[in-house]
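K.L.:
all I have is the shape, not the residue letters:
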């Protein structure tokens, strides 16, 4: 979110000369402390929302078979329940910017933590599939809020030299959340005898998979109490003294606090509270930069990445692999996801955003095309489905390579870009619109995959490969490099 999205009255607030002197000379750190270490802690705490984002999004993968059996529903009802969270995510993302500008970034993080916890507990004991879908929507709202708040907040507290790497904490947290959810799913499945419908302490394993989310939600809420409010929000709300303290914390005792405050306030001085009308312009309704953000979000989802994390257990079962083994494969792809994210974190500020995105697009296109070829050898349906051993191995390798290419590129780059690419005056709203578009695109892929897979699994992956191919010219001609630029210089 940008500091510009504030009420005009808040800009009039100025510190007294005495307040100015005290806050500008206050030592930010004790001897031996480093601003970077402190900022890393702040970014990691904020990114805990990303961990819950990843956990909540992917935990359904292990529970979906048990849900189908318990409620006796088919692929259509299953897809609607899985995708229900994504509709909530679109709503949460759309409203997160306005809420954060009105109540502050930290308060909204705490709201998301509560929603995550309530959704997890509620999802354990739904009386029917419709109520489960309702709890999924509530969890989705929390996901949408976290998807907007974390990258924007991290961008606002990070020094420009480290912003890319710190911004990538969001994606690292997401992939860790995915991996932990798959590990928990596998462990609970094994404890229940290799069946997600099996009993643990008198409760079906799939219910435990969904309910365990309340634990990291509590941790997220506690961590949000230990981090400072965004300096841009503090200045916008007239609390400049506190903003100076935070700037000193994150940029160090050598930082020119006067210059930084002047820079932020000079950008804000010519701006007013943004509205949806501020996003309008150009030949296609919205400002070009907003379309670029929407395009990046849509391409990130249309390559089919979340099919791997939402449906991989059903995907591998559809080609003849047992449920317990399919969950183990899901865990291995999550580990590959972490490895790719670590690679991206080490390169995003050195190589830049565009080169990583281009390399990832090319790699994903190849991997998806190979997977499409391998799945063309599938025969049978349901319990009789199978695939020759050679093609099965190739499909597994291609799926893992696809996840690796996504993780070191689009998985990190898009979240970093969305946190920094928009001008201050529209950052909050534009980020919310782009994130909402991402969740709607995610919903489209999620709700259509079971039907498309039943129709033709190979053709489905060929479609995803086509979107990976189209993302290459999009990056080349639409994305501008943002590496090393301050947020105030955007636009």
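P.N.:
Cool, the structure landed. If you're wondering where the values come from, they're calculated on a predicted model, not measured in any experiment. Numbering: from 1, shown residues only.
K.L.:
which residues touch residue 81?
P.N.:
60, 67, 73, 129, 132-133, 136 (C-beta atoms under 8 Å, 6 or more residues apart in numbering). Glycine gets a C-beta too; all of them are placed from N, C-alpha and C.
K.L.:
now these: which count as buried?
P.N.:
Those of these that meet the buried threshold are 60, 67, 73, 129, 132-133, 136, by 16 or more other C-beta atoms under 10 Å.
K.L.:
now, these that are in helices?
P.N.:
Residues of these located in helices (DSSP state H): 60, 67, 129, 132-133, 136.
K.L.:
on that earlier part again, residue 145: which of the buried ones among the contacts of residue 81 is nearest?
P.N.:
Proximity of the buried ones among the contacts of residue 81 to residue 145 (C-beta to C-beta) peaks at residue 136, which lies at 15.1 Å.
K.L.:
how far away is that closest one from residue 119?
P.N.:
7 Å (C-beta to C-beta, to the nearest Å).
K.L.:
pLDDT at the residue nearest to residue 188 when sequence neighbours are not counted, what is it?
P.N.:
Sequence neighbours aside, residue 205 is the residue nearest to residue 188 in space, at 4.6 Å (criterion: C-beta to C-beta, 6 or more residues apart in numbering). With respect to pLDDT, residue 205 scores 92.
K.L.:
who touches residue 205 in this structure?
P.N.:
Counting by C-beta under 8 Å, 6+ apart, residue 205 has contacts 66, 188-189, 191-192, 195-199.
K.L.:
list buried residues within these.
P.N.:
Among these, those classed as buried by 16+ other C-beta under 10 Å are 66, 188-189, 192, 195-198.
K.L.:
in a markdown table: these, plus secondary structure, pLDDT and distance to residue 161.
P.N.:
Shown next, in a markdown table, are these (DSSP: H, G, I helix; E, B strand; the rest coil; pLDDT from 0 to 100; distance: C-beta to C-beta, whole Å):
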| residue | secondary structure | pLDDT | distance to residue 161 |
| --- | --- | --- | --- |
| 66 | helix | 88 | 48 |
| 188 | helix | 92 | 43 |
| 189 | helix | 87 | 44 |
| 192 | coil | 88 | 49 |
| 195 | coil | 83 | 51 |
| 196 | coil | 83 | 46 |
| 197 | coil | 86 | 52 |
| 198 | coil | 88 | 51 |
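K.L.:
nearest to residue 276, of the residues you listed?
P.N.:
residue 66 (42.0 Å).
K.L.:
tell me who's in contact with that closest one.
P.N.:
So residue 66 contacts 195-197, 204-206, 209 (C-beta under 8 Å, 6+ apart).
K.L.:
let's go with 7 Å and repeat that
P.N.:
Contacts of residue 66 were listed using C-beta atoms under 7 Å, 6 or more residues apart in numbering, and they are 196-197, 204-206.
K.L.:
picking that back up, between all of the buried ones among the contacts of residue 205, which two are separated the most?
P.N.:
Top of the distance list for the buried ones among the contacts of residue 205 (C-beta to C-beta): 188 and 197, 11.4 Å.
K.L.:
thinking again about what came up before, quick check: the residue nearest to residue 188 vs residue 448, distance?
P.N.:
28 Å.
K.L.:
repeat that for residue 339.
P.N.:
Residue 339 is 29 Å from residue 448, by C-beta to C-beta.
K.L.:
that older thread, okay, who's weakest in the ones in helices among the buried ones among the contacts of residue 81 by pLDDT?
P.N.:
Across these, the smallest pLDDT goes to residue 60, namely 86.
K.L.:
I'd say it and residue 309 touch.
P.N.:
No - using C-beta atoms under 7 Å, residue 60 is not in contact with residue 309, being 9.1 Å away.
K.L.:
just to revisit the earlier point, and the contacts of residue 81 as a markdown table, adding distance to residue 143?
P.N.:
As requested, these are exported to a markdown table (distance: C-beta to C-beta, whole Å):
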| residue | distance to residue 143 |
| --- | --- |
| 60 | 12 |
| 67 | 19 |
| 73 | 23 |
| 129 | 20 |
| 132 | 16 |
| 133 | 15 |
| 136 | 10 |
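K.L.:
great, nothing more from me.
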